[in-house]
Structures are given as structure tokens and as C-alpha cells.
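Here is my input, please return the structure:
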Amino acid sequence: MDIGRILENILTSLNITRGTSFDVFAIIDIGFTSYIIYKALLWVRETRAWSLFKGIVVLILTSIISYTFNLYTVSWIISNTFNVGIIAIIIIFQPEIRKMLEKLGSGRLNVALVKMENSGISAKNLDEILVSIDTMRKSRTGALIVLEDEVPLGEHVSTGVPLDAKITSQLIVNIFEDKTPLHDGAIIIKNNEIAAASCILPLTNKEIGKSLGTRHRAGVGVSEYSDAFVLILSEETGALSLAHKGILQRNIKEEDVRKIIRFKETELVKKKKKKRKRKKIKWGKEGGK
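Numbering: from 1, shown residues only. All right, here's what the predicted structure looks like:
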């Protein structure tokens, strides 16, 4: 596959000379195609495929730059990559493609517009979660609580019962109470709300200890490919564990959980402030010219 020829054909097809006129069907065609791409992007942004999609965009931009500036070695590498790229994309995105087609067939392809940047968990809501954990520990109630961070977990939210409820310790305790309809599975905290309960999470394949059960394996599993903080409360021992980026910290105290999560939130705030300062400096320089 010659990437240079493909890019040349694309650029040629986009070349519009003076006097070119569009008919009604061309406008409908462009509008319909734009709508499909827009909906697809909204859907992808709700899943872990969003990170992979951004990587593909970077690869495409790199190929355009290499073609424009005649970087032959880079073009050759990218051309050979694209030879197997289509098959690789189908394999990587297989779960997402299947779910999208299922939604399309059922007529429920309605994806809400979400914020690009997650605001994180507030101090008040984190306190409510930790209070509920202390209550459930005393009654030996197991729990699995996922705090979404920057990587969206929409595909796992869709496996549970949607709630979109305010975070309170009483509600969390009632959800995980034994023999209640929603006590199995996890609850996912998204945008400072309980997005869904009884959610199904993927299990990790690595060894985390024979004494740990499915709840811990699921907590570590969802943290392996996302940046979510996962709180796991053991039903047998009442011990609290924290999973983050595939690493499990066992027998952790509530105060330590608060420090870890608040530290991450503080770092995010600092990064946002630095970006704002850079933008102000840039605008100031442009205004002074």
C-alpha cells in the first residue's frame, strides 16, 4: 500500500476549483457523512477506544508530514504499518465495533455529549464514600467502587443499572447490602455522581494472590487499562484495598486513600493552571506585537 499515493488522491479529491458548483445531493451526502463521523466520535469518546483513536490520529498526521516534506524512511515505515493496519484496527476495536453495531441495530445509538476533562471527585463526595466504607466494614459487607478519572468508562457503565444519583453514604451502603437487587458488581462514580450500579468489570489475568477473590480481580482488571481509582472492600476480612493502574495496595487506611486521591486531584489542578498561564502569556505576547 503506497501511503503517498493515497494521500495524493485525497488531496486531489479535496481540490475545489473556481466555478465548481454543488448540487443538492452532494450537500446531502456531505452532511450525512459528517453526521455519521460526529456520532462515531461521540461514541468512541465514551469508551477506552478514545485513547487508541488519538494514537491513530497522531500516526495519520505523521504520515501527512512525512509525505509533504519527502521523509522517505518515515513514509516507508508508515506505509508498511498501514499494510496490516486495517486488520490490527479491527482486532483492537473488536469489542467496541460489536457494541456499536448492536446499538445501531437496536436503534439506540444515542450518545450524550460528555466533557473532555473529568473534574475529578470532590472532597465532600470522597468523604461520603469513605464513611460508607467504614460503615460496611463494621457489618462485613463487601463493596467495589470505581472512581472514573480521565479515561472514560462508558462501556462498563452500560453493563449496569443507570442511576445518575447523588453520592451519599446511605445510598452506597444500601446498594451493597446483601440480597439487595444491585449488590452484585461494582458502582461507577462519574462526574461526581453514581453513574450506575451492578456493573460488570473485566478480570485481571495476572496473579494477585490466592486469598483474593473475584471482587479484587475485577478491581485490578478495570484499573489495568484505565486511570481509575478502585476501592475494594473485602467481605470476609473487612480489609480495604486500592487498585490503580494495575497495582493493588492491600490493607490501606481510609486516610491514606484520601491523601492519594487528593494528591492526584491537586496535580491535575496544577497542570490546568499551568496551561492557563501559558495561554495568557501567549495572548499577552500576541497583543503586544
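
in the stretch 51-200 of the chain, which segments are predicted with low confidence?
Along the stretch 51-200 of the chain, segments meeting pLDDT under 70 span 51, 93, 95-96, 98-119.

now the strands: where do they sit in it?
143-147, 161-165, 186-190, 193-199 (DSSP state E, counting those that start in this stretch).

Let me know which of the ones you listed is the nearest to D178.
Smallest distance to D178 across these (CB to CB): 11.2 Å, for strand 143-147. In this view, the C-beta of every residue, glycine as well, is placed from N, C-alpha and C.

Strand partners (parallel or antiparallel) of that closest one?
Strand 143-147 has the following strand partners under DSSP bridges: strand 186-190 (parallel), strand 229-233 (antiparallel).

what does the last one contact?
The reference is to strand 229-233. 129, 133, 136-137, 141-147, 149, 186, 215-216, 219-220, 222-223, 239-244, 257, 260-261, 264 (CB atoms under 8 Å, 6 or more residues apart in numbering).

rewinding a little: which stretch among the strands paired with strand 143-147 comes nearest C199?
Of all the strands paired with strand 143-147, it is strand 186-190 that lies closest to C199, at 4.7 Å by CB to CB.

Format the strands of the stretch 51-200 of the chain as JSON lines; extra columns: distance to G154 and mean neighbour count.
Shown next, in JSON lines, are the strands of the stretch 51-200 of the chain (distance: least, CB to CB, whole Å; neighbours: other CB atoms under 10 Å):
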{"stretch": "strand 143-147", "distance to G154": "12", "mean neighbour count": "24"}
{"stretch": "strand 161-165", "distance to G154": "11", "mean neighbour count": "14"}
{"stretch": "strand 186-190", "distance to G154": "8", "mean neighbour count": "25"}
{"stretch": "strand 193-199", "distance to G154": "9", "mean neighbour count": "21"}
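
In a markdown table: those strands, plus distance to L233.
Converted to a markdown table, those look like this (distance: least, CB to CB, whole Å):
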| stretch | distance to L233 |
| --- | --- |
| strand 143-147 | 4 |
| strand 161-165 | 19 |
| strand 186-190 | 11 |
| strand 193-199 | 15 |
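
so which of the ones you listed comes closest to I91?
That would be strand 193-199 among the strands of the stretch 51-200 of the chain, by CB to CB, at 25.2 Å.

helices or strands up against that closest one?
helix 154-157, strand 161-165, helix 169-176, strand 186-190 (3 or more CB pairs under 8 Å, 6 or more residues apart in numbering; DSSP states H and E).

For S234, find the nearest of those.
Nearest to S234 among the helices and strands packed on strand 193-199 is helix 169-176 (12.3 Å), distances taken as CB to CB.

Who are the packing partners of that closest one?
Applying 3+ CB pairs under 8 Å, 6+ apart, we find helix 169-176 packed against helix 123-138, strand 143-147, strand 186-190, strand 193-199.

picking up where we left off before, just the buried residues from the contacts of strand 229-233, in ChimeraX please.
Entered in ChimeraX, the line below selects the buried ones among these, by 16 or more other CB atoms under 10 Å:
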select :129,133,136,137,141,142,143,144,145,146,147,149,186,215,216,219,220,222,223,240,241,242,243,244,257,261,264
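
Which residue ranges make up the domains of this structure?
For the chain, automatic domain parsing gives the domain ranges 3-106, 123-268.

most packed of those domains?
domain 123-268 (a mean of 18; mean count of other CB atoms under 10 Å).

what's the spacing between E254 and I145?
For E254, the distance to I145 (CB to CB, to the nearest Å) stands at 12 Å.

and for these two, which residues touch both?
Residues touching both E254 and I145 by CB under 8 Å, 6+ apart: I133.

list the contacts for M136?
When contacts are counted by CB under 8 Å, 6+ apart, M136 touches G142, A143, I172, V173, F176, L233.
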